[in-house]
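**Q** just coords:
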């Protein structure tokens, strides 16, 4: 309502002021103008034109004709007198841009003969009104009224001025008279111009809207809307309620603050002033209070009731005082006292904020800074404008008018700072999302409009510029240098040519600058042309690297996402075309990885197998399509090597938020070939790495296993011992050990774990440890094997078993006690009888049956031995060693081999057996572990 009343108020387009002086020059006066120059005083001949006003004579102000006569009595008729006058020809300086110029600055000093100062040349006026400026293009300007005219009456009624607290202004009755007419109505203005009384009909227009009013009003509406949004959308949050209320009050202050000076304090005007003053005072404590909770609650300031009480009390007092001054029309108190209270409020809140600043954390200061800066900028400009207005306005009126008008634009920083802070730090559970595509279009259109406006402003500026032209004239064949100024028609032509050429040159320059600016906008919004060659080169560099599939996928998505300006991109590498092996994601948002359900992996691979190039997810089944779109994945690009489906690119939206074009799909299809080679290389690299790792682990296991076997032969008098274990693979399941005790003698055990390689080696290590511990508590080989079986029942997997041959040599009694748990028999050579015996006591493998069955079935055999006897303990790998013709080495060949070394040491017998086996197998691969222990009685 207030906005409508303001813009619809009738306005003649003139500015009125009290008459500077009643002494009116009605006839031209010859004079000498006095000018103070840098080098001294300058006097030039001049004239004081009709319509001028004389302000002083000989240094004395002249308000009436009587004072003029008293001033002139001191001079003779031939004397010259210095006078100050406002010359009529200076009135043309008044324009729309200088509407509030102090016309006293245009007063000049003249030297005039006293004889010219008389009632014939000077006329005394009454309380007429001075037309101080005329708005260019306004109603009065269109009707022909000029600045410097003397207004005698409007529609037959004379206007009057009164002294207001801060200035002179039209009386309420005069304002009512002017505004009583309707827009479009023809009103009679009677004016005095250069001694002529003119009657001019002025067709009144509405006041319209100044830019400053529009800025304030729109900012008010935006601030109110923002306050209501905060308060209503998040009413459950204390910070939102206080902030919403503060912004609403601030917005009402802005929206109701624009108005023309009222003709009368009617009900509407009084109500508007009361509301505006109340909101103006209350916005200080409410804004301060809201900043204690938004963006973050500030302790202990938010608990300080004293500062809140003082703040609200002072604001309420100021609002009440200002309202009473309006209601009871106390003019002298309408401006000064409320202004002082406002200043006090501003200082109080500023001091409180600075005092509590020391309690703010660095994060709180960072969050609050944009809001605080917006308030400080507006406060600074408010103080700056008020101070500079009084000291510098008269020197630069046009500049200050523009600064004051457009400085109101800074008010918009306040709601913008709240919006930005809420969006930047995601406050009040409000997530503001602005589509980058929309922002790009807005920025591009705004930039183009700005370029066009700049060109238009330049052309308009150039057309109003007074161009200096030398006295040179171009004819068809000559260039003439004239002694006189150019004729008007030639000057007009040359000016148009200069304007056209300058406009074209400026347009070319500004358009080039516009293209540069557009490139920056394109770069900021990721709209620059994609460098496919660079991206292809970066991807190709990954092909030659030796890395794992996981690391490769991570590098590919990172490279592709950054180069192609994608919000999100993933690479799924498949295993045997049936399941995901690796899934890596690159996203502009951290921790926004693609989550692909395990149950959809095979169906996804099956779905994309039919496509040869990139597709949108709309071609995929419903559940899969919805799952991918939920995670912001919109395109799928299968990656093949020949006919094998290796992987798939999962492409999200571009950072520019535009859909992928055909050239994008061509590029993705092109690099998919390079990626396929990289993936295949990574598979090979992983396989090689796996084999090397296994080999390294097996080497380490072999060392551990070798270390677990006897590292030295026990030095037992009467026994010559030699043993060896050669696994078929890096590690094996055969083992042997020498077990000694306090009593004289030695226990030799040799075993074979079912299976081969690592698993057998693990069991071997386990059985070795168990046997070594149980040997201390066992009385015989049978007892040792029975106890070992009981323990191994709990440590062997189903189907696993161990065979063992255990022999105890008692040197005192010269006996050997043998017990066999499913192993090969003990081979015994008796020197006395010169014959070989095969000792095969009954027994089943360890871990093959129940403990009671094992003990009942296990048999123990005791024999005597003499010097020269030989005991041979072997694993099945010895007799089962095969030649390239698949012929086993066999037990007979083993016995024949030993017969040739009966007089040899145990070590020589062992080595001869190994040598014979190698001769037998030749190049054939060893497929079973080979273990031998030779015990020879000395």
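**A** On my side now, so go ahead. This one's a predicted model, so the numbers in the text were calculated from it and none came from an experiment. Residues are numbered from 1 along each chain as shown.

**Q** drop to CA atoms for contacts and neighbour counts, all remaining ones
**A** Will do.

**Q** Please report the number of neighbouring residues for residue 519.
**A** Using other Cα atoms under 10 Å, residue 519 has 16 neighbouring residues.

**Q** what's near enough to touch residue 91?
**A** Residues counted as contacts of residue 91 (Cα atoms under 8 Å, 6 or more residues apart in numbering) are 147, 148.

**Q** so it sits in a helix?
**A** Yes. Counting by DSSP: H, G, I helix; E, B strand; the rest coil, residue 91 is found in a helix.

**Q** State the distance from it to residue 134.
**A** Remark: distance between residue 91 and residue 134 (Cα to Cα, to the nearest Å) = 10 Å.

**Q** Overlap of the contact sets of those two?
**A** residue 147.

**Q** And the helix or strand containing residue 413, what's buried?
**A** Mapping residue 413 onto the secondary structure by DSSP states H and E places it in helix 413-425. For helix 413-425, the neighbour count (16 or more other Cα atoms under 10 Å) marks 413, 414, 415, 416, 417, 418, 421, 422, 423 as buried.

**Q** Please render those as TSV that adds distance to residue 791 to the earlier fields.
**A** Formatted as TSV, the buried residues of helix 413-425 follow (distance: Cα to Cα, whole Å):
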residue	distance to residue 791
413	83
414	82
415	80
416	79
417	77
418	75
421	71
422	70
423	69
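
**Q** Tell me the one of those residues nearest residue 675?
**A** Taking Cα to Cα as the measure, residue 675 sits nearest to residue 423 out of these, at 39.0 Å.

**Q** What's the local residue count around residue 185?
**A** By other Cα under 10 Å, the residues close to residue 185 number 13.

**Q** so who does it touch?
**A** With Cα under 8 Å, 6+ apart, residue 185 has these contacts: 203, 204.

**Q** measure it to residue 201 for me?
**A** In this view, residue 185 and residue 201 are 10 Å apart by Cα to Cα.

**Q** Same check on residue 305?
**A** Distance, residue 305 to residue 201, by Cα to Cα: 64 Å.

**Q** Repeat that for residue 525.
**A** 58 Å.

**Q** quick revisit: nearest to residue 338 among the buried residues of helix 413-425?
**A** residue 414 (23.7 Å).

**Q** Let me see the contact set for the residue nearest to that closest one when sequence neighbours are not counted.
**A** Counting by Cα to Cα, 6 or more residues apart in numbering, residue 414 lies nearest to residue 374, which is 5.3 Å off, once chain neighbours are set aside. Going by Cα under 8 Å, 6+ apart, residue 374 touches 413, 414, 417.

**Q** Just the closest of the residues you listed to residue 910, please.
**A** The shortest approach to residue 910 among the contacts of residue 374 belongs to residue 417, at 92.1 Å (Cα to Cα).

**Q** Hmm, the closest one is touching residue 369, no?
**A** No. Residue 417 is beyond contact range of residue 369, at 9.1 Å (criterion: Cα atoms under 8 Å).

**Q** Run a quick neighbour tally on residue 866.
**A** Count around residue 866 with other Cα under 10 Å applied: 14.

**Q** and if you look at the one 4 residues further on?
**A** Residue 870 has 26 neighbouring residues, counting by other Cα under 10 Å.

**Q** What segments of the stretch 451-600 of the chain are strands?
**A** With DSSP state E, counting those that start in this stretch, the ranges of strands along the stretch 451-600 of the chain come out as 472-474, 479-481, 568-575, 579-587.

**Q** which one of those is the most hemmed in?
**A** strand 568-575 (a mean of 24; mean count of other Cα atoms under 10 Å).

**Q** Against which helices or strands is it packed?
**A** helix 549-563, strand 579-587, strand 644-652 (3 or more Cα pairs under 8 Å, 6 or more residues apart in numbering; DSSP states H and E).

**Q** Tell me what angle the second one forms with helix 549-563.
**A** Pointing back at strand 579-587 there. Here the directions of strand 579-587 and helix 549-563 differ by 30 degrees (axes from the mean of the first three to the mean of the last three Cα atoms, to 10 degrees).

**Q** ok, residues contacting strand 579-587?
**A** Strand 579-587 has contacts (Cα under 8 Å, 6+ apart) with 549-550, 553-554, 557-558, 561, 566-575, 592-594, 601-602, 605.

**Q** mind checking how far residue 384 is from residue 280?
**A** Between residue 384 and residue 280 the computed distance is 19 Å (Cα to Cα).

**Q** With residue 761 instead?
**A** Here residue 761 is placed at a distance of 89 Å from residue 280 (Cα to Cα).

**Q** Neighbour count for these two, which is higher?
**A** More crowded of residue 761 and residue 280, by other Cα under 10 Å: residue 761, with 26 against 22.

**Q** which secondary structure elements does the one helix or strand the more buried one maps to contact?
**A** Following DSSP H and E, one finds residue 761 within helix 757-775. Packing partners of helix 757-775 (3+ Cα pairs under 8 Å, 6+ apart): helix 662-708, strand 734-740, strand 746-753, helix 781-792.

**Q** Distance from the chain centre to it, please.
**A** In terms of Cα atoms, centre = their mean, to the nearest Å, the gap separating the centre of helix 757-775 from the centre of its chain is 61 Å.

**Q** and what of stretch 277-286?
**A** Worked out by Cα atoms, centre = their mean, stretch 277-286 lies 36 Å from the chain centre.

**Q** I'd like the domain boundaries of the chain, if you could list them.
**A** Listed by automatic domain parsing, the domain ranges of the chain are 12-165, 211-432, 434-528, 532-687, 711-937.

**Q** quick one, helices of the stretch 151-300 of the chain?
**A** 172-179, 211-233, 238-255, 267-291 (DSSP state H, counting those that start in this stretch).

**Q** Which one, of those helices, ends up nearest to residue 82?
**A** Of all these, it is helix 172-179 that lies closest to residue 82, at 37.1 Å by Cα to Cα.
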